[in-house]
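Enquirer: from the sequence below, what's the structure:
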Amino acid sequence: MPDLSLLPESATVVGEDLRIGGCLLSEVAEQFGTPAYVFDEQALRDRAAAYQKAMTSRHRDSRVCFAVKAYPSVSMIRILAAQGVGCDVVGAGELMLALAAGADPATIVMHGNAKSDDDIKAALDARIAYIVVDGFDDIDRIERLAQRRTPVLLRVSPGVDSATHAALATGGKQSKFGVPVEQVAQAINRMRAVAAIDVRGLHMHIGSQILSIDQFEAAVEAMSSLERFEVYDLGGGLGVRYVPEDVAPSVDEYAERLVGAAHKHLGEDIELLVEPGRSMVARAGLTLYRVVTVKRSGRLHVAVDGGMGDNLEHSLYGQRFSPLVVGRWAAQHVMADLVGRHCESGDVITPDVQLADPRIGDLVVVPATGAYCFTMSNNYNAALRPPVIYCANGAARVGVRRETFEDLLAREISAP
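Expert: Numbering: from 1, shown residues only. This next block holds a predicted model:
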């Protein structure tokens, strides 16, 4: 039988099919087509509740803010906001999505290394909880644009080089994010000279897909050398399992160590914020494809009807996945590259993977695609971006419809 440990906990084998959230994937594919992003809606609710409990049970004054960049969809934010989760947004666009989803502005934090006037204006108009100052230019913009006293946090680059892909590391000394530790006092003094700025605390975020909690603890300790504040946003970045051999900390392990480090180095009479993104949504989602071509040309290439248009993780970060050929549970496995339909040699979903006797027309499930795949979906080769389907209690619904050819032409001024 297949290893289902990377799929949502509701995943079960039903004959030659897979059931997620009570829905058979063959029926989801028949009704909504492929490729498609598919989510177990209850798994999302359970994960949000787990994060809330893990943090508030250890530190009463905690706030969990979903990192919207991991899945910038009104449909997703609405599910998580209904569980009491706030939002961490980057820029006016993500803020607009959060507000459209019904998120309470008082639970929203905005950061970003290069916020424009429009971003700052949107945050000020919405009266969000905190604007995260990423540098001195942010201070100048808030001073110029704010009409009332505005709560802010200062993002600090703690100088921690996290053990993750270089493109996902954000807390090292060479990072474009935040203010280096040696400039923090200067930035705080500058903000305190602005009547419209209320400096409430510090923010940090050291990267994404981090599997060692030691690195989070080291970053918290680095913050302890700075002036003490009443609010600390410790960012996100907890990693997840993408292949069976991955080992990822549980939410409880993460919260226990993170809160413990905060209490030890920053104190207990503080407000704590965390910003989970990938670890909130990745496992709850999968991508459903159909095999289009099986071809041997030095290597065995199994091509599906999606690819780098809906999953850039391997192309950008070398991320590996563990796909399943639906229904061929007892078939002999072959070594293959699972590739996409796009005209690009780098269009690889995952290379050198064992696939069970793949044939044209087979359904293929790629687990743990609930984070960042939708975020970075694109129209390479004028491909249409997939729909987002939520499964719950045996019923499937569309959260985001499939793109149409009319959508591709909608912004073309010269199109008839």
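
Enquirer: that's a helix at residue 31, yeah?
Expert: Yes: assessed with DSSP: H, G, I helix; E, B strand; the rest coil, residue 31 lies in a helix.

Enquirer: could you count how many residues lie near residue 326?
Expert: For residue 326, the neighbour count with other C-beta atoms under 10 Å is 23. From N, CA and C alone the C-beta is placed, and that goes for glycine too.

Enquirer: how about residue 118?
Expert: Neighbour tally, residue 118, other C-beta under 10 Å: 11.

Enquirer: just say helix, strand or coil for it.
Expert: helix.

Enquirer: correct me, but it touches residue 92?
Expert: Yes: look at residue 118 against residue 92 with C-beta atoms under 8 Å: they come within range, at 5.3 Å.

Enquirer: quick one: common contacting residues for these two?
Expert: Counting by C-beta atoms under 8 Å, 6 or more residues apart in numbering, residue 118 and residue 92 have no common neighbour.

Enquirer: what ranges does this protein have for its helices?
Expert: With DSSP state H, the ranges of helices along the chain come out as 25-32, 41-56, 74-81, 91-100, 117-126, 136-145, 184-192, 213-223, 251-265, 278-281, 313-317, 405-409.

Enquirer: which among the ones you listed is found nearest to residue 202?
Expert: Within the helices of the chain, the stretch nearest residue 202 is helix 213-223; the backing value is 6.1 Å (C-beta to C-beta).

Enquirer: buried ones in the closest one?
Expert: Residues of helix 213-223 classed as buried: 213, 215-220, 222-223 (neighbour count, 16 or more other C-beta atoms under 10 Å).

Enquirer: same thing with stretch 61-71?
Expert: Buried, per 16+ other C-beta under 10 Å, within stretch 61-71: 62-71.

Enquirer: I'd like the residues you listed as CSV, with pLDDT and distance to residue 347 appended.
Expert: Converted to CSV, those look like this (pLDDT from 0 to 100; distance: C-beta to C-beta, whole Å):
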residue, pLDDT, distance to residue 347
62, 97, 42
63, 97, 40
64, 98, 36
65, 98, 34
66, 98, 30
67, 97, 27
68, 98, 27
69, 96, 23
70, 97, 23
71, 98, 22
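
Enquirer: model confidence over stretch 316-333, on average?
Expert: Averaged across stretch 316-333, pLDDT comes to 94.

Enquirer: okay, that stretch in PDB with CA atoms only?
Expert: The C-alpha coordinates for stretch 316-333 follow below in PDB (Å, rounded to 0.1, in the frame of the first residue of the first chain):
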ATOM      1  CA  LEU A 316      13.500  27.600  -8.100                       C
ATOM      2  CA  TYR A 317      14.600  25.800  -5.000                       C
ATOM      3  CA  GLY A 318      15.400  22.200  -6.000                       C
ATOM      4  CA  GLN A 319      12.500  21.000  -3.800                       C
ATOM      5  CA  ARG A 320      11.700  17.300  -4.200                       C
ATOM      6  CA  PHE A 321       8.300  15.800  -4.000                       C
ATOM      7  CA  SER A 322       6.900  12.200  -3.600                       C
ATOM      8  CA  PRO A 323       4.100  11.700  -6.200                       C
ATOM      9  CA  LEU A 324       1.700   8.800  -6.300                       C
ATOM     10  CA  VAL A 325       0.100   7.200  -9.300                       C
ATOM     11  CA  VAL A 326      -3.500   6.800  -8.200                       C
ATOM     12  CA  GLY A 327      -4.800   3.200  -8.200                       C
ATOM     13  CA  ARG A 328      -1.600   1.400  -9.200                       C
ATOM     14  CA  TRP A 329      -0.900   0.500  -5.600                       C
ATOM     15  CA  ALA A 330       0.600  -3.000  -6.300                       C
ATOM     16  CA  ALA A 331       2.300  -2.200  -9.700                       C
ATOM     17  CA  GLN A 332       6.000  -2.400 -10.300                       C
ATOM     18  CA  HIS A 333       7.800   0.900  -9.800                       C
END
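
Enquirer: still on that earlier bit, could I get the buried residues of stretch 61-71 as TSV with distance to residue 41?
Expert: Shown next, in TSV, are those (distance: C-beta to C-beta, whole Å):
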residue	distance to residue 41
62	24
63	23
64	18
65	20
66	15
67	19
68	18
69	21
70	16
71	13
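
Enquirer: for the buried residues of helix 213-223, which one is nearest residue 205?
Expert: Nearest to residue 205 among the buried residues of helix 213-223, with distances taken as C-beta to C-beta, is residue 219, at 8.7 Å.

Enquirer: shaky segments in this structure?
Expert: Where the chain drops to pLDDT under 70, the residues are 159-176, 415-416.

Enquirer: could you point out the longest strand in it?
Expert: The longest strand of the chain (DSSP state E) is strand 285-296.

Enquirer: just to revisit the earlier point, which one of the helices of the chain is the most hemmed in?
Expert: helix 278-281 (a mean of 27; mean count of other C-beta atoms under 10 Å).

Enquirer: helices or strands up against that helix?
Expert: helix 41-56, strand 62-67 (3 or more C-beta pairs under 8 Å, 6 or more residues apart in numbering; DSSP states H and E).

Enquirer: one step back: export the helices of the chain to TSV and append columns for distance to residue 18.
Expert: Converted to TSV, the helices of the chain look like this (distance: least, C-beta to C-beta, whole Å):
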stretch	distance to residue 18
helix 25-32	5
helix 41-56	14
helix 74-81	22
helix 91-100	30
helix 117-126	41
helix 136-145	47
helix 184-192	51
helix 213-223	32
helix 251-265	25
helix 278-281	19
helix 313-317	21
helix 405-409	30
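
Enquirer: how many other residues sit next to residue 361?
Expert: By the criterion of other C-beta under 10 Å, residue 361 has 8 neighbours.

Enquirer: also the one 10 residues further on?
Expert: Other residues lying near residue 371 total 25 when counted by other C-beta under 10 Å.

Enquirer: so it touches residue 285, yeah?
Expert: Yes: counting by C-beta under 8 Å, residue 285 is a contact partner of residue 371 at 7.4 Å.

Enquirer: what is the neighbour count of residue 364?
Expert: Neighbour count of residue 364, defined by other C-beta under 10 Å: 24.

Enquirer: kindly apply the preceding question to residue 128 instead.
Expert: Residue 128 has 25 neighbouring residues, counting by other C-beta under 10 Å.

Enquirer: please name the nearest non-neighbouring residue to it.
Expert: Among residues not flanking residue 128 along the chain, residue 108 sits closest, at 4.1 Å (C-beta to C-beta, 6 or more residues apart in numbering).
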